[in-house]
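Student: Let me see the structure of the following:
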Amino acid sequence: QVQLVESGGGLVQAGGSLRLSCAASGRTFSTYAMGWFRQAPGAEREFVAAIWYTGSTYYADAVKGRFAVSRDNAKNTVYLQMNSLKPEDTAVYYCAATRSVGSYDYTGTYGYWGQGTQVTVSS
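Tutor: Residues are numbered from 1 along each chain as shown. Okay, here's the model as predicted:
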């Protein structure tokens, strides 16, 4: 099992940047593929980015070119660097972990979730 704790959210003006961190417990972090999802009020949880078993990274079209996902296995941490933020990026951001071989952009693929961190982008 793995436990996930996100941090780094906050209030930022449009055009600004934030870096989210997701710290994982356990000694097998490197064996998990990791994803970032977000959920705005009244909306479904949606895929943002993933870093897969191969090291490949994947992004939702809405964030491609602005967000970057990375991981540091020595620190048991995955990051989401968010640049050029827009008001529509406002949401609670969740990190998730999986050992399955499902689709990287499907919430059902992930068996472990953090509690979420709020990101608010003002116009």
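Student: who touches the most centrally placed residue in the chain in this structure?
Tutor: When CA atoms, centre = their mean is applied to the chain, the residue found nearest the centroid is Trp36 (2.3 Å). Trp36 makes contact with 20, 22, 47-50, 69, 78, 80, 93-96 under the criterion CB atoms under 8 Å, 6 or more residues apart in numbering. To be clear about C-beta, it is placed using only N, CA and C from the backbone, and glycine gets the same treatment.
Student: Could you save these as TSV and add columns showing pLDDT and secondary structure?
Tutor: Output for those, formatted as TSV (pLDDT from 0 to 100; DSSP: H, G, I helix; E, B strand; the rest coil):
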residue	pLDDT	secondary structure
Leu20	98	strand
Cys22	98	strand
Phe47	98	strand
Val48	98	strand
Ala49	98	strand
Ala50	98	strand
Val69	98	strand
Val78	97	strand
Leu80	98	strand
Tyr93	98	strand
Tyr94	98	strand
Cys95	98	strand
Ala96	98	strand
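Student: which among those end up buried?
Tutor: Taking 16 or more other CB atoms under 10 Å as the criterion, what is buried in these is 20, 22, 47-50, 69, 78, 80, 93-96.
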